[in-house]
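S.K.: give me coordinates for this.
(chains A and B)
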Amino acid sequence: MAANLTYRSSRVAMVILPALLFVFQSGYSQTAAQTVTLQVSQIALLQTSGAVSATITGAGTSAGVATLSVANQTTTLQWGTNRGTQKITARLSAASKFQVYLQVLNPTAGVATPQILATTTAQDILLTVGRSQGSATISYTIQITADKGVVTDTPNIIFEMKNQ
Amino acid sequence: MKTLLTIFSCLLIGASLTHAQAIKVSQSTLALSVTTGTIAGGMTVVSNSVTTFSYKRMTVLSKISVQTSCPNQKFTLSVQATSPNLGSSAGIINLVNGMAAADLIVSVSGTSGNGSTYHTATLAYKAASTFAQGNSTELGNDTFTITYTQTAQ
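M.R.: Here you go, the predicted structure:
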């Protein structure tokens, strides 16, 4: 009697267990996983909209004034960076016969510094431009004294983005 | 009789176990790098479609959904199942830390058989970031644990 019950129990188990497993199919879920690592490099982009051509004619200069000048606001400075706090500096690549004053106006991000007289040493022109994309007008004032006579020069302004 | 029952049981269990391997990805890890950009266009989006997703029919109509975990997520990642040869792609899914499960492939028809044939789709990832989102050197990489799940639809 006991042996018969054991056989029946095992037979039931052999039928029910797989049947339950099969029915379970309709309600089960299966998973698969993938790990994706995303790395973003540091980017610092800086450019100007073009070259500046300026001629000092002396027109409008008052008699007795030794300094002749011309102003130009035709170009813009544009940047994009994903770095933290950054600043933009300007310097001359080499000494110039002219005095080149510059300042950035109406920056869409960051804080402009007061006008600088450009030298071969980098000076701050725009602060706090980290993780931004923007532009500003470059305002030049170029001067020369009358005693220099007729002069032609091509001062090259270097703009750089640096850690602030 | 006992022998027949044993064989029958083994077959059913075998069929169930076959279904237990129903979905898989061709590679468990993937590395994406956003390295370039332009001032006007921002950071350049990176696409990657090297992962093959494999799945089988269930006994009922089913779908595949996706979830992700990415603590301290900083950047942007999306996935789309392209060219599924069974079922329909649900389009581009933006992967956001802690997101609710989103459908990736739907309408995977059921089968009365054991569904032993694998069907495939390509997982097309797109990685992006903005200048404002920063960079990995200063903020660290994003590590997404992406879980794909097949359930009855």
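
S.K.: what sits against B:Ala132?
M.R.: Neighbouring residues of B:Ala132 by CB atoms under 8 Å, 6 or more residues apart in numbering or on different chains: A:82, A:131-132. Heads up, the C-betas are built off the backbone N, CA and C, glycines and all.

S.K.: do you know how far A:Val100 is from chain B?
M.R.: 24 Å (CB to the nearest CB, to the nearest Å).

S.K.: tell me the bridge partners for that residue.
M.R.: Counting by DSSP bridges, A:Val100 is bridged to A:Ile142.

S.K.: burial measure for it, as a count.
M.R.: 20 (other CB atoms under 10 Å in any protein chain shown).

S.K.: touching, A:Leu68 and A:Ile56? I think so.
M.R.: Yes - using CB atoms under 8 Å, A:Leu68 makes contact with A:Ile56 at a distance of 4.8 Å.

S.K.: report the set of residues contacting both of the two.
M.R.: Shared contacts of A:Leu68 and A:Ile56, counting by CB under 8 Å, 6+ apart, come down to A:143-144.

S.K.: rewinding a little: most neighbours, which of the contacts of B:Ala132?
M.R.: A:Asn82 (30 neighbours).

S.K.: for it, phi and psi?
M.R.: When read as degrees, to the nearest 10, the backbone of A:Asn82 gives phi -110, psi 10.

S.K.: just the pLDDT for it.
M.R.: We have a pLDDT of 97 for A:Asn82.

S.K.: likewise A:Gly58?
M.R.: 75.

S.K.: now the one 3 residues further on
M.R.: At A:Thr61 the predicted local confidence, pLDDT, stands at 71.

S.K.: and it, what does it touch?
M.R.: A:Leu68.

S.K.: which stretch of helix or strand covers it?
M.R.: Counting by DSSP states H and E, no helix or strand carries A:Thr61.

S.K.: same deal with the one 10 residues further on?
M.R.: Applying DSSP H and E as the criterion places A:Ala71 in strand A:67-81.

S.K.: again, but for B:Pro84
M.R.: Applying DSSP H and E, one finds B:Pro84 in no helix or strand.

S.K.: B:Ser78 reaches B:Lys126, doesn't it?
M.R.: Yes - between B:Ser78 and B:Lys126 there is a contact at 4.9 Å, judged by CB under 8 Å.
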